[in-house]
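Asker: Predicted model and sequence follow; I will ask about them next.
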Amino acid sequence: MAKRDYYEILGLSKNASVDDIKKAYRNLAMKHHPDKGGDAEKFKELSEAYAVLSDQQKREAYNQFGHDAFSQQYSQEDIFRGADFEGFEELFKRAGFGGSPFEDLFGQFFGFGRSRGGRRKQYGADLITDIEISLEEAAKGVKKDLNINHTRACIHCKGSCAEPGSEKKTCDTCKGNGQVQHVRSSGMMRFVSVSTCNKCRGEGVIITQACKTCRGSGVQYQEETVKVDIPTGIENGMRLRLDGMGEAGHDGSGDLYVNVFVKKHSLFERNEDDLYLKIPISFAQAALGCDLEVPTLFGKARLHVPAATQSHTMFRLRGEGVPNLRSHSKGDQYVQVVVKVPDKLSTKQKELLKEFESESNKKKGFFDNLFC
Ligand SMILES: [Zn+2]
Ligand SMILES: [Zn+2]
């Protein structure tokens, strides 16, 4: 028996839209389903027709070559050979009848579903910007407002690209599938290639009137204040990613990357979580010992300098450094004392120092002085 025409099976003309095919199939499937007392052969025939006509690529091949289109080309795809009818029925029952789960199931079952749609995902571009913070802010964490100018979905058309109220037509080139099939024959072989539809750019719909605000791009530049939460312990040159704050795209926005630069501090130098501070002390303080009040990033701390401390000796103040970004445990502050030689001396100071010197010389020999 000759195979029936797929359009005829569905009761449709060749120009039927994707929606018409879906509707016709759903109605007829209800009628012919064996569970509902329908004819199993008819149902199988119907399923086959729908499997072909609901797939843009297969439909175009069918339109061009009729049933012959599948004698070669689709045997490799196993569309029908793999479709065990008993198994299909089982799945069909489990999924319930009618509605969208059914359509999805059908697509999965025959190995071509919506995932084969015509368009690649398009995400907006990422943006990069810099921000400068103080060392105090890096140590304590800070929230900063960042003004950025990025594309967002057009407010007027809500990103649809079409002037609100205007009509959207199904693309007649790709029949709403977003893909166009090219068939080339060579002897018995048929080569099929599929490309994104040029006319609708893979959207499947044609806009009759572009949005006046965004000129049909669907996006517009908008200035926005973005709150940047800079975590405690961040280091110079680190980069933060703000999800979805980049440029708008068809399938989602890109990200915003914020490069964080920590300004040089007038007193402290930082090395990872530790801080370094230089403190000038007098010769007398170094020789006799003293208690100092030294600045820290968070306030002040006491530092005991013992008697006979040499210049450039390093002391450690535990836990006065920067909290670690991950562990939050604080680093240390190192204080280096530097003995300063006074550049101006009063007469009295000079007298006392000379006296001090002659007293020192009595105690030491020449070589002791040399290696003091
Ligand atoms: Zn618009
Ligand atoms: Zn198209």
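Answerer: Yes, it's here. Numbers count the residues shown, from 1 in each chain. Ligands and ions are numbered 1, 2, ... in the order given.
Asker: what does stretch 171-184 contact?
Answerer: With contact meaning CB atoms under 8 Å, 6 or more residues apart in numbering, stretch 171-184 is reached by 17-18, 56-57, 59-61, 64-65, 117-119, 170, 190-200, 202-206. All C-beta atoms are positioned from the backbone trio N, CA, C, and that covers glycine.
Asker: Show me what from the stretch 151-300 of the chain comes close to ligand 2.
Answerer: By the rule CB under 5 Å from the ion, the part of the stretch 151-300 of the chain lying against ligand 2 is 171, 173-174, 197, 199-200.
Asker: Buried only: go through the contacts of stretch 171-184 for me.
Answerer: Neighbour counting over these (16 or more other CB atoms under 10 Å) leaves 18, 56-57, 59-61, 65, 118-119, 190, 197, 200, 202-206 as the buried ones.
Asker: quick one on the thing from earlier: let me have the residues of the stretch 151-300 of the chain next to ligand 2 in a markdown table, adding secondary structure and pLDDT as columns.
Answerer: What follows is those, written out as a markdown table (DSSP: H, G, I helix; E, B strand; the rest coil; pLDDT from 0 to 100):
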| residue | secondary structure | pLDDT |
| --- | --- | --- |
| 171 | coil | 91 |
| 173 | coil | 90 |
| 174 | coil | 90 |
| 197 | coil | 89 |
| 199 | coil | 87 |
| 200 | coil | 85 |
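Asker: Flag the shaky bits of the stretch 51-200 of the chain, pLDDT-wise.
Answerer: Scanning the stretch 51-200 of the chain for pLDDT under 70 picks out 68-121.
Asker: Go again with 50.
Answerer: Low-confidence segments of the stretch 51-200 of the chain (pLDDT under 50): 72-118.
Asker: which parts of it sit against ligand 1?
Answerer: By the rule CB under 5 Å from the ion, the part of the stretch 51-200 of the chain lying against ligand 1 is 154, 156-157.
Asker: Now secondary structure and neighbour count too, for the residues you listed, in CSV please.
Answerer: Below are those laid out as CSV (DSSP: H, G, I helix; E, B strand; the rest coil; neighbours: other CB atoms under 10 Å):
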residue, secondary structure, neighbour count
154, coil, 22
156, coil, 14
157, coil, 23
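Asker: Relative to residue 248, which of those is nearest.
Answerer: In terms of CB to CB, no member of those lies closer to residue 248 than residue 154, at 8.8 Å.
Asker: Excluding covalently adjacent residues, which one is nearest to that closest one?
Answerer: Closest residue to residue 154 apart from its sequence neighbours, by CB to CB, 6 or more residues apart in numbering: residue 214 at 3.8 Å.
Asker: what's the residue lying closest to residue 254 once chain neighbours are set aside sitting at in phi/psi?
Answerer: Once flanking residues are discounted, residue 254 sits nearest to residue 246: 2.8 Å by CB to CB, 6+ apart. Residue 246 adopts backbone torsions of phi -80, psi -150, taken as degrees, to the nearest 10.
Asker: ok, now which ones touch residue 246?
Answerer: Counting by CB under 8 Å, 6+ apart, residue 246 touches 124-127, 150, 253-256.
Asker: Residue 16 is in contact with residue 50, correct?
Answerer: No - judged on CB atoms under 8 Å, residue 50 makes no contact with residue 16 at a distance of 11.6 Å.
Asker: coming back round to it: return the subset of the contacts of stretch 171-184 lying in strands.
Answerer: 170, 190-196, 205-206 (DSSP state E).
Asker: of all those residues, which comes closest to residue 322?
Answerer: Residue 322 has its nearest neighbour among the ones in strands among the contacts of stretch 171-184 in residue 196, at 52.0 Å by CB to CB.
Asker: nearest residue to that closest one other than its sequence neighbours?
Answerer: In this structure, residue 196 finds its nearest non-sequential neighbour in residue 202, 4.2 Å apart by CB to CB, 6+ apart.
Asker: again, but for residue 152
Answerer: Nearest non-adjacent residue to residue 152, counting by CB to CB, 6+ apart: residue 222, 4.6 Å away.
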